[in-house]
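>>> model this:
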Amino acid sequence: MNGSPASLDAAAMTNASAEIVRDVVYGHGLVHRARPGGPVPRALKLDLYLPARHAHAAPRPALIMAFGGAFHRGSKENDAFEAEGGNTSVADYCLRFARRGYVACAIDYRLVTEDPEPGTTPVVSAPERIPTSRTDVVRRIMNLPPATSDMLWRGIEAASDDMAEAVRFVRSRAAEWHVDPARVALGGFSAGARTALNVAFGEKVPVSAVVALSGFMDRADLQRHLSGFDGGPAVLLVSAENDLDYIAEATPGLVAQLRAAGLHCELLDVPGAGHFYQADAVAVHDAHGATTVERAMAGFLRRTLGG
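Numbering: from 1, shown residues only. As a prediction, the model looks like this:
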């Protein structure tokens, strides 16, 4: 199917006050880089979450989200890893925000295990500095040997290329999907949050806001990307009290860097939680006090996107 909601035929379903269109192809990416004969293309897909009765509405803000899984696992349908404490999936966030009036997209992207082509727009300058504490754990869960820094780098670069392509695709469908192209936000959890930051700052894809749920960016890379950057998106950085070591260590510095660059940056702490937490988890906003993760996201998007 072509993904146009004009008909919303059998491929769409109604879920409470949102309509979902599955498996819209937004592009293609090369995988199996070392394959004899060269890499092959594979379809990149997204699930589109539309507010009910969207067809005659004024253009709405859009939220494009990428799933978590250490660039090794997870999917646009489900990245809730209950065995490790439980978290709200990106798909669930998209449904929740479609019910709030956003056009939301949960995107697929290429993974490290597919040996993807890294593209020509590098966002990571030093692969040897990529943190491995989480990917080592996930690869053990998947019965895989430790990854090399080059393998991880290729996966991170491919993911950022894919999300950048998804943004361009959504904007190309703005009229059909009743999206305001000037009010597009990126988001994600863990690897997906890192990808959203990489797209907004490394790929320099113009968006209005970024919601990073336990995201990470090397501070040297961020400084490099900010150099000569005229403006930039507002950012909500979410981290848990007992988050991954490199996220807990980097987040305060990232906040300081973004604010020093003149960008609007909000910080949300999830006390008592580890890397995995729910949308309704109690959280503390650095300016607005006690809230929940979802309410903080909604307030941030309302302040930065309007509507």
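
>>> What ranges does the stretch 101-250 of the chain have for its strands?
103-107, 179-189, 209-213, 234-240 (DSSP state E, counting those that start in this stretch).

>>> Tell me which of the ones you listed sits most buried.
Greatest average neighbour count among the strands of the stretch 101-250 of the chain goes to strand 103-107 (a mean of 30), per mean count of other C-beta atoms under 10 Å. Backbone N, C-alpha and C define where each C-beta goes, glycine included.

>>> Report the angle between that strand and strand 179-189.
40 degrees (axes from the mean of the first three to the mean of the last three C-alpha atoms, to 10 degrees).

>>> So which elements touch strand 103-107?
Judged by 3 or more C-beta pairs under 8 Å, 6 or more residues apart in numbering; DSSP states H and E, the packing partners of strand 103-107 are strand 40-51, strand 60-66, helix 90-99, helix 149-172.

>>> List the buried residues of the longest one.
Read it as helix 149-172. By 16 or more other C-beta atoms under 10 Å, the buried positions in helix 149-172 come out as 151-167, 169-171.

>>> Make TSV out of the helices and strands packed on strand 103-107 and add mean pLDDT.
Formatted as TSV, the helices and strands packed on strand 103-107 follow (pLDDT from 0 to 100):
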stretch	mean pLDDT
strand 40-51	97
strand 60-66	98
helix 90-99	97
helix 149-172	98
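
>>> possible to save these as JSON lines with distance to residue 232?
Shown next, in JSON lines, are the helices and strands packed on strand 103-107 (distance: least, C-beta to C-beta, whole Å):
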{"stretch": "strand 40-51", "distance to residue 232": "24"}
{"stretch": "strand 60-66", "distance to residue 232": "17"}
{"stretch": "helix 90-99", "distance to residue 232": "22"}
{"stretch": "helix 149-172", "distance to residue 232": "15"}
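
>>> closest to residue 283 out of those?
helix 90-99 (14.3 Å; C-beta to C-beta).

>>> got the angle between that closest one and strand 60-66?
Going by the same axes, to 10 degrees, helix 90-99 makes 180 degrees with strand 60-66.

>>> Where does pLDDT dip in the stretch 51-200 of the chain?
54-56, 82-85 (pLDDT under 70).

>>> ugh, wrong one, the stretch 201-307 of the chain
Using pLDDT under 70, the stretch 201-307 of the chain drops low at 307.

>>> closest one to residue 259 among the strands of the stretch 101-250 of the chain?
It's strand 234-240; of the strands of the stretch 101-250 of the chain, that one is closest to residue 259 (C-beta to C-beta) at 9.6 Å.
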